[in-house]
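Undergrad: quick one: sequence plus predicted model below, questions after.
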Amino acid sequence: MYQKVEEYIRDHREQLDVETPPDQLWNKINHSLEKKTRPLWSANTLWKIAAAIIIITLTSALFFNFQDSFSNTMDSSVADLPKVELPASKADWRKAEKEYQAQINGLLAEIQAYPIEEDFEAQKILIEVSQINLQLDKVKEKMMPFRYDSARARQVLSLYEAKVQNLTKLRDHLKNR
Amino acid sequence: MSTTQFNIHADLIEACKKGDRTAQFRVYQLYSRAMYNLSVRMLGDQATAEDALQEAFLNAFNNIHRFEGRSSFGAWLKRIVVNKCLSILQKRKMFFESIDERVMDLEEENSDETYIWSDISPAKVHQEIKNLPQGCRVIFNLYQLEGYDHQEIGEILGVSVSTSKSQYHRARKLLRERLSKQLETQ
């Protein structure tokens, strides 16, 4: 005989759990756990990208060294790069360079959110980007430290512009997949 | 009290810490029913309770490395579930009205509850707890079923001890009235 609710609940505590959670609830939890533990880029893909970058770096290095040994002229490989306006002073050029770098960082942050596993189009664009990086390093290396080397300054900005265009293309491709 | 006495599923918890999905499923099987019923009683409806339980289990598995075994795993998990339910309820903006405790005490003394509690099924009690108004339902569950005292409830919900007590009495009174009505119509 129960006098009060407190006594009743004390003696029926387990029996009050009358409802059963739906079967699909574990599936939802399991799915969310899998999503969290699955890496965005698999180890296999990362190896493929790393291998591609190494091959391109070596090939490009050989190519540029070969070119340098025959001429001191500008890189002919950047002839197809987008046209950009040359800033009037070195300070303005630095500002433009910083703006490009910020834009690139933003795009890279967006791109990292997408997996590129088995996406050959995305890998192709990434390879193009790594080629641009190599050219950028090369041109920047040749720039005079105390003089505004307008020809090479323009090349650097053109390369940045090309990089932005490629990364934008990659981001849009991943978004619209 | 020793840590081993608390954790009868220590091996299972260790496996969960390593991300073992089978162990996680076993833990889910062990605790989901009790936690689901707790959520349903706290929140009043099954759909919201499912969401709360899903998030609570995910939270528990993702933070299981923080479980140090100072309490039982069930108590640790229950706290996560209760906190999840409270955060959902907070978004609904609960209001707690303080009722004069002396009036409630008088009502308690004058009532004869014996006949209700002798003839009612646990399923009906569970259903009527779910149907209680939100504010007093939460306090009733925390106090009567989950073992919180009025001081703790006051701190958790940001209300005074007297409000917690008066809402508890209100829930108790409503529960009694509604169950009596059901018995009369049977």
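TA: Thanks, I have it.
Undergrad: use CA for all of it now, contacts and neighbours both
TA: Will do.
Undergrad: so which residues on chain A come close to chain B?
TA: A:1-6, A:8-9, A:12-13, A:15-21, A:25-26, A:28-30, A:32-33 (Cα under 8 Å from any Cα of the partner chain).
Undergrad: these, buried ones only, as a PyMOL selection?
TA: To isolate the buried members of the residues of chain A next to chain B in PyMOL, using 16 or more other Cα atoms under 10 Å in any protein chain shown:
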select buried, chain A and resi 2+4+5+8+9+16+17+19+21+25+26+29+30+33
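Undergrad: and the closest residue to residue A:161 other than its chain neighbours, helix, strand or coil?
TA: Among residues not flanking residue A:161 along the chain, residue A:82 sits closest, at 6.8 Å (Cα to Cα, 6 or more residues apart in numbering or on different chains). Under DSSP: H, G, I helix; E, B strand; the rest coil, residue A:82 falls in the coil class.
Undergrad: what does the one 3 residues further on give?
TA: Per three-state DSSP, the local secondary structure of residue A:85 is coil.
Undergrad: wait, it sits on residue A:156?
TA: No: with contacts counted by Cα atoms under 8 Å, residue A:85 stays clear of residue A:156, the gap being 11.5 Å.
Undergrad: more neighbours, those two?
TA: When residue A:85 and residue A:156 are compared on other Cα atoms under 10 Å in any protein chain shown, the one with more neighbours turns out to be residue A:156, at 24 against 8.
Undergrad: tell me the buried residues in the helix or strand harbouring that one?
TA: In this structure, residue A:156 sits in helix A:150-176 according to DSSP states H and E. Buried positions in helix A:150-176, judged by neighbour count with 16+ other Cα under 10 Å: A:150, A:152-164, A:166-168, A:170-171, A:174.
Undergrad: gap between the residue nearest to residue A:161 and residue B:19?
TA: Distance of residue A:82 to residue B:19, computed by Cα to Cα, to the nearest Å: 50 Å.
Undergrad: then residue B:80?
TA: To residue B:19, residue B:80 is 19 Å away according to Cα to Cα.
Undergrad: so for those two, which sits in the more crowded spot?
TA: Remark: of residue B:80 and residue B:19, residue B:80 carries more neighbours, 20 against 16, as counted by other Cα under 10 Å.
Undergrad: which ones are touching that one?
TA: B:56, B:59, B:60 (Cα atoms under 8 Å, 6 or more residues apart in numbering or on different chains).
Undergrad: how about residue A:88?
TA: Counting by Cα under 8 Å, 6+ apart, residue A:88 has no contacts.
Undergrad: SS state for it?
TA: Taking three-state DSSP as the rule, one finds residue A:88 in the coil state.
Undergrad: and if you look at residue A:116?
TA: Following three-state DSSP, residue A:116 is assigned to coil.
Undergrad: right, and it touches residue A:126 too?
TA: No: here residue A:116 lies out of contact with residue A:126, judged by Cα under 8 Å, at a distance of 10.3 Å.
Undergrad: quick check: next helix or strand after the least confident helix or strand in chain A by mean pLDDT?
TA: The helix or strand of chain A with the poorest confidence is helix A:43-70; it has a mean of 73 (mean pLDDT, DSSP states H and E). Tracing the chain past helix A:43-70, the next element assigned as helix or strand by DSSP H and E is helix A:90-111.
Undergrad: could you say what helices and strands that following helix packs with?
TA: Applying 3 or more Cα pairs under 8 Å, 6 or more residues apart in numbering or on different chains; DSSP states H and E, we find helix A:90-111 packed against helix A:150-176.
Undergrad: find me the pLDDT at the residue nearest the centre of chain A, would you?
TA: Chain A has residue A:108 as the residue nearest its centroid, 3.5 Å off, counting by Cα atoms, centre = their mean. At residue A:108, the predicted lDDT confidence score is 86.
Undergrad: the closest residue to it other than its chain neighbours: what's it in contact with?
TA: Excluding the flanking residues, the one nearest residue A:108 by Cα to Cα, 6+ apart is residue A:167, at 7.4 Å. Residues counted as contacts of residue A:167 (Cα under 8 Å, 6+ apart) are A:104, A:107, A:108, A:125, A:126, A:129.
Undergrad: burial measure for the fourth one, as a count.
TA: Residues lying near residue A:125 (other Cα under 10 Å) number 17.
Undergrad: Three-state assignment for it, please.
TA: Residue A:125 ends up helix, using three-state DSSP.
Undergrad: quick one, what contacts it?
TA: With Cα under 8 Å, 6+ apart, residue A:125 has these contacts: A:166, A:167, A:169, A:170.
Undergrad: which of those residues sits closest to residue B:51?
TA: residue A:170 (35.8 Å; Cα to Cα).
Undergrad: doesn't residue A:120 make contact with that closest one?
TA: No: counting by Cα under 8 Å, residue A:120 is not a contact partner of residue A:170; they are 11.2 Å apart.
Undergrad: stretch B:123-140 vs chain A: in contact?
TA: Yes: Stretch B:123-140 is in contact with chain A by Cα under 8 Å from any Cα, via B:123, B:125, B:126.
Undergrad: ok, residues contacting that stretch?
TA: Stretch B:123-140 is contacted by residues A:15-18, B:40-45, B:94-96, B:153, B:164, B:167-168, B:170-172, B:174-175, B:178-179 when judged by Cα under 8 Å, 6+ apart.
Undergrad: just name the shakiest helix or strand of chain B by mean pLDDT.
TA: helix B:3-6 (a mean of 46).
Undergrad: which is the next helix or strand following that helix?
TA: Using DSSP H and E, the helix or strand that directly follows helix B:3-6 along the chain is helix B:10-17.
Undergrad: what's downstream of that next one, the next helix or strand?
TA: helix B:21-43.
Undergrad: give me the nearest residue to residue 160, chain neighbours excluded.
TA: Just going to use chain A. Counting by Cα to Cα, 6+ apart, residue A:160 lies nearest to residue A:100, which is 6.3 Å off, once chain neighbours are set aside.
Undergrad: actually it's chain B I care about, not the one you picked
TA: residue B:154 (5.2 Å).
Undergrad: right, I'll call it a day here.
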